[in-house]
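Asker: Test case, fold it:
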Amino acid sequence: MNYTFDFAPVFAAWPMLLEGVIGTLRMSSLSMVFGLSLGIVFMMMRMSTGTGNANHCRLLY
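Answerer: Coordinates of the predicted model:
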């Protein structure tokens, strides 16, 4: 088998690929920040001494 790889279309679409990579990194970092902040809120609700917040958090967890 003799393969010939042609990367010319890939290099021609480089700006579009870079835009996709930037969009993916932006979306993943935003979801990481949102998930981390939501996790911290639920952790604080669960560790609180009040019964109301802890019970609500246990229903969600």
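Asker: packing partners for the helix or strand where L17 lies?
Answerer: Using DSSP states H and E, L17 maps to helix 14-47. Counting contacts by 3 or more C-beta pairs under 8 Å, 6 or more residues apart in numbering; DSSP states H and E, helix 14-47 is packed against helix 51-60. From N, CA and C alone the C-beta is placed, and that goes for glycine too.
Asker: Quick check: mean pLDDT of the helix it packs on?
Answerer: Averaging pLDDT along helix 51-60 yields 59.
Asker: Equivalent analysis for stretch 38-47, please.
Answerer: For stretch 38-47, the per-residue pLDDT averages 85.
Asker: For it, which residues meet the burial criterion?
Answerer: Residues of stretch 38-47 classed as buried: M45 (neighbour count, 16 or more other C-beta atoms under 10 Å).
Asker: Could you do stretch 4-24 as well?
Answerer: In stretch 4-24, counting by 16+ other C-beta under 10 Å, buried: nothing.
Asker: now what about that stretch, what contacts it?
Answerer: Around stretch 4-24, nothing counts as a contact under C-beta atoms under 8 Å, 6 or more residues apart in numbering.
Asker: That one spans what distance, first to last residue?
Answerer: Taking C-alpha to C-alpha, to the nearest Å, the first and last residues of stretch 4-24 lie 30 Å apart.
Asker: most centrally placed residue in this protein?
Answerer: The residue lying closest to the centre of the chain (C-alpha atoms, centre = their mean) is S28, at 3.1 Å.
Asker: For that one, give its distance to F34.
Answerer: For S28, the distance to F34 (C-beta to C-beta, to the nearest Å) stands at 11 Å.
Asker: what's the answer for G23, then?
Answerer: 16 Å.
Asker: cool, and R46?
Answerer: Distance from R46 to F34, by C-beta to C-beta: 19 Å.
Asker: repeat for G20
Answerer: For G20 relative to F34 (C-beta to C-beta), the value is 21 Å.
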